[in-house]
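K.L.:
Below is the structure, and that's it, no one-letter string:
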């Protein structure tokens, strides 16, 4: 299978992902879900995503659209557009599927996917993780992965601007 086809096989819409999730669950695969902007991929992201993937069999990423990144981070973001970010995420071996979401939170996607594991980064608490109640009510678990110190997209952006 050529490289481009491998990438496309990991990029979904939420609607097209649901049947795949059902197949994975029917095959006994443990589904892990996380979301984010993942604007400038750095070692902190890679550490986070590989640790998230280790919590199950299939890692699904809900990626913020450009419009939702702007709402969260300001008009100067994202630095990379959503198509670039989609392809970068799909290229990561630990990622099984990636899709764009435009809503303020990924709650609608979590309600449709019902992952066995919901993962967020170290700046969250159990009480602030959107969808935590949905996942735990279905017998799933919620995990918080600590940040790898010294890495953030905002810090990279500031360093570039300072030069």
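P.N.:
Yes, it's here. Treat the numbers as computed from the prediction; the structure is a model and nothing was measured.
K.L.:
Am I right that residue 55 sits in a helix?
P.N.:
No - using DSSP: H, G, I helix; E, B strand; the rest coil, the assignment for residue 55 is coil, not a helix.
K.L.:
tell me how far stretch 93-111 is from the chain's mean position?
P.N.:
Relative to its parent chain, stretch 93-111 has a centroid offset of 6 Å by Cα atoms, centre = their mean, to the nearest Å.
K.L.:
List the buried residues of that stretch.
P.N.:
In terms of neighbour count (16 or more other Cβ atoms under 10 Å), stretch 93-111 has its buried residues at 95-101, 106, 109-110. For the C-beta atoms, the positions are set from N, CA and C on the backbone; glycine is no exception.
K.L.:
So which of those residues are in helices?
P.N.:
109-110 (DSSP state H).
K.L.:
can you list the buried residues of stretch 93-111 in JSON lines and add pLDDT and distance to residue 11?
P.N.:
Shown next, in JSON lines, are the buried residues of stretch 93-111 (pLDDT from 0 to 100; distance: Cβ to Cβ, whole Å):
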{"residue": "95", "pLDDT": "98", "distance to residue 11": "10"}
{"residue": "96", "pLDDT": "98", "distance to residue 11": "11"}
{"residue": "97", "pLDDT": "98", "distance to residue 11": "8"}
{"residue": "98", "pLDDT": "98", "distance to residue 11": "6"}
{"residue": "99", "pLDDT": "98", "distance to residue 11": "7"}
{"residue": "100", "pLDDT": "97", "distance to residue 11": "9"}
{"residue": "101", "pLDDT": "96", "distance to residue 11": "13"}
{"residue": "106", "pLDDT": "96", "distance to residue 11": "17"}
{"residue": "109", "pLDDT": "98", "distance to residue 11": "15"}
{"residue": "110", "pLDDT": "98", "distance to residue 11": "19"}
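K.L.:
Quick check: what element follows the biggest helix by length in the chain along the chain?
P.N.:
Scanning the chain for the helix with the most residues, using DSSP H, yields helix 14-26. Using DSSP states H and E, the helix or strand that follows helix 14-26 towards the C-terminus is strand 31-36.
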